[in-house]
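In: Return atomic coordinates for the entry below.
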Amino acid sequence: MAVKISFLNLKGGVGKTSLLVNVASCLAYMGKRVLVVDFDAQSNSSIWLMRLDRWNALGRNPNNFILSAFKEEGADLRQCIQKDIIRNADDEKVLSGLDLIPASFRLMDLEHEVSNPWGKPFYAHFQEELTEIEDKYDYIFFDCPPSFFITSQCAIFSSDHIMVPANPDALSIIGFHLLVDKLESFNKQSYRWRQELSVPEPQILGISLNAVKLGTNIEIPIERFNAQIERFAAQGKIPETACIFPEYIRHSVSIGRAVMQGLPMVLMSKREASMTVAEDYIKTAQRIVSLTTQEAAATFGSN
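Out: Modelled structure (predicted):
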């Protein structure tokens, strides 16, 4: 069964999409089977992984996008999957094992304009759809908007873990605080459906610091993050294992070029001097594998 992780911070502009796209690509590069589910109507993950021209062409059929899975006459989730999504200009795959369920700007319609015919919350319907495909993957990553609206609820309800991207600044710390409070409230709200569908509550896996510039003093924001982590852990709101990942993602101008070329940094590094930040993403991916593998082993051993 796949390890499912939501990438979420209620503060926007923290490098969420770049973290998700690059860690997912590193895992595929390591031989893992990975699915990215784009739940952000900005569609940044989808456009990065597909390039704008392919993403635009996909829009000729609305059933290609995640929104369709929530419509009574739409596609099921399996039909939305775009296989081996990273391809060159000749449509030849350049990285195996990374699939995508893309978003479009119309995903924002789910909030107010799409009727719910399922007799259950959208997040419960999505979970039932996800069970039909999750065994095909080692990891499923959800790209969430910086909100707690329907799309984020769907991702969080189905997740085992939450990865918190952050910048080393005060606003990211506030976003983390809000996230923990909202998560506690949503877990209470969704308790009935968690019981009915046997879905455990997600846990904070860790905080990943992004866009760290060389020579920047990040000791104070790290101290403040750690103080919040310790307080929330003492209150039982997050696991005691939650931490700031020691593998920081360094600032790199190469990321903008990677987006334009539709490539993750692990592939860009073969073309230009961007290996430093690629190594950061590889180490973060390895950290996630280590933490989630340890948890799986502990769970298996307790049965």
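
In: how about the strands in the chain?
Out: With DSSP state E as the criterion, the chain has strands at 3-7, 34-38, 98-101, 139-143, 161-166, 203-209.

In: list the helices and strands the longest one packs on?
Out: With contacts defined as 3 or more CB pairs under 8 Å, 6 or more residues apart in numbering; DSSP states H and E, the packing partners of strand 203-209 are strand 161-166, helix 170-189, helix 219-234, helix 275-302. Just so you know, the C-beta spots here come from the backbone N, C-alpha and C atoms, and that holds for glycine as well.

In: Now do that strand against helix 170-189, angle only.
Out: Inter-element angle recorded for strand 203-209 and helix 170-189: 170 degrees (by axes from the mean of the first three to the mean of the last three CA atoms, to 10 degrees).

In: would you put the C-alpha positions of strand 203-209 in CSV?
Out: These are the backbone C-alpha positions of strand 203-209, laid out as CSV (Å, rounded to 0.1, in the frame of the first residue of the first chain):
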residue,chain,number,x,y,z
GLN,A,203,0.5,12.9,11.3
ILE,A,204,3.0,15.8,10.8
LEU,A,205,6.0,14.1,9.2
GLY,A,206,8.3,17.1,9.3
ILE,A,207,9.2,20.6,8.2
SER,A,208,11.4,21.2,5.2
LEU,A,209,13.1,24.6,4.9
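
In: What's the mean pLDDT across that strand?
Out: The pLDDT scores in strand 203-209 average 95.

In: hang on, the earlier thing: can you add mean neighbour count and distance to residue 30 and give the helices and strands packed on strand 203-209 back as a markdown table?
Out: A markdown table is the format used below for those (neighbours: other CB atoms under 10 Å; distance: least, CB to CB, whole Å):
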| stretch | mean neighbour count | distance to residue 30 |
| --- | --- | --- |
| strand 161-166 | 24 | 17 |
| helix 170-189 | 17 | 28 |
| helix 219-234 | 15 | 28 |
| helix 275-302 | 16 | 7 |
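
In: Would you mind telling me which of these is nearest residue 57?
Out: In terms of CB to CB, the element of those nearest to residue 57 is helix 275-302, at 28.2 Å.

In: Export the helices and strands packed on strand 203-209 as a markdown table, with columns for distance to residue 151 and mean pLDDT.
Out: Output for the helices and strands packed on strand 203-209, formatted as a markdown table (distance: least, CB to CB, whole Å; pLDDT from 0 to 100):
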| stretch | distance to residue 151 | mean pLDDT |
| --- | --- | --- |
| strand 161-166 | 14 | 96 |
| helix 170-189 | 13 | 92 |
| helix 219-234 | 24 | 93 |
| helix 275-302 | 22 | 78 |
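
In: Save the ones you listed as TSV, and put in distance to residue 83 too.
Out: Shown next, in TSV, are those (distance: least, CB to CB, whole Å):
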stretch	distance to residue 83
strand 161-166	24
helix 170-189	32
helix 219-234	38
helix 275-302	21
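
In: of all the ones you listed, which lies closest to residue 154?
Out: Here helix 170-189 is closest among the helices and strands packed on strand 203-209 (CB to CB), at 11.1 Å.

In: can you dump the C-alpha coordinates of the closest one into PDB?
Out: The C-alpha trace of helix 170-189 is given here as PDB (Å, rounded to 0.1, in the frame of the first residue of the first chain):
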ATOM      1  CA  ALA A 170       8.100  34.400  10.800                       C
ATOM      2  CA  LEU A 171       5.200  34.100   8.400                       C
ATOM      3  CA  SER A 172       6.000  30.400   7.800                       C
ATOM      4  CA  ILE A 173       6.000  29.800  11.500                       C
ATOM      5  CA  ILE A 174       2.500  31.400  11.800                       C
ATOM      6  CA  GLY A 175       1.300  29.200   8.900                       C
ATOM      7  CA  PHE A 176       2.500  26.100  10.700                       C
ATOM      8  CA  HIS A 177       0.700  27.200  13.800                       C
ATOM      9  CA  LEU A 178      -2.600  27.700  11.900                       C
ATOM     10  CA  LEU A 179      -2.100  24.300  10.100                       C
ATOM     11  CA  VAL A 180      -1.900  22.400  13.400                       C
ATOM     12  CA  ASP A 181      -5.000  24.100  14.700                       C
ATOM     13  CA  LYS A 182      -7.000  23.500  11.500                       C
ATOM     14  CA  LEU A 183      -5.800  19.900  11.300                       C
ATOM     15  CA  GLU A 184      -7.100  19.200  14.800                       C
ATOM     16  CA  SER A 185     -10.400  20.700  14.000                       C
ATOM     17  CA  PHE A 186     -10.800  18.800  10.700                       C
ATOM     18  CA  ASN A 187      -9.900  15.500  12.400                       C
ATOM     19  CA  LYS A 188     -12.800  16.000  14.800                       C
ATOM     20  CA  GLN A 189     -15.100  17.000  11.900                       C
END
